[in-house]
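Visitor: Curious how this folds, go ahead:
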Amino acid sequence: MKFGIRIPSIKKSLSARTFGKLNRKIKNAVIPFYGKKGTGIIKDSKKAIYNKIYKKTTFSIFNIFKK
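Guide: From the prediction side, this is the model:
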């Protein structure tokens, strides 16, 4: 498990803002529970718990500049 600062990937950020946004809109229209809060624990509980801990133990470099 990682602790501390997360190093952002420009390639992944750009992909999430462009193609990822379109992909999410399509999935949201087709799959009824896509993107709803709490469904991750049902689908893959091990990954959901890992992600929750990871989110709490790390922070983004952009959070430093927001404060």
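Visitor: Verify the stated contact: Arg24 with Gly35.
Guide: Yes - between Arg24 and Gly35 there is a contact under Cβ atoms under 8 Å: 6.6 Å. Every residue, glycine included, has its C-beta placed from N, CA and C.
Visitor: Going along the chain, name the strands of the protein.
Guide: Applying DSSP state E to the chain gives strands spanning 4-6, 58-60.
Visitor: need the ones you listed in CSV with distance to Gly40, mean pLDDT and mean neighbour count, can you?
Guide: Formatted as CSV, these follow (distance: least, Cβ to Cβ, whole Å; pLDDT from 0 to 100; neighbours: other Cβ atoms under 10 Å):
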stretch, distance to Gly40, mean pLDDT, mean neighbour count
strand 4-6, 19, 81, 11
strand 58-60, 18, 85, 13
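Visitor: Mind checking which residue lies nearest the centre of this structure?
Guide: Nearest to the mean C-alpha position of the chain, by Cα atoms, centre = their mean, lies Asn51 at 8.4 Å.
Visitor: ok, that residue touching Gly40?
Guide: Yes - counting by Cβ under 8 Å, Asn51 does reach Gly40; the two are 7.3 Å apart.
Visitor: still on that earlier bit, take the strands of the chain and lay them out in a markdown table including distance to Leu14.
Guide: Output for these, formatted as a markdown table (distance: least, Cβ to Cβ, whole Å):
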| stretch | distance to Leu14 |
| --- | --- |
| strand 4-6 | 17 |
| strand 58-60 | 16 |
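Visitor: Go through these and name the closest to Lys47.
Guide: When the strands of the chain are compared by Cβ to Cβ, strand 58-60 sits nearest Lys47, at 16.0 Å.
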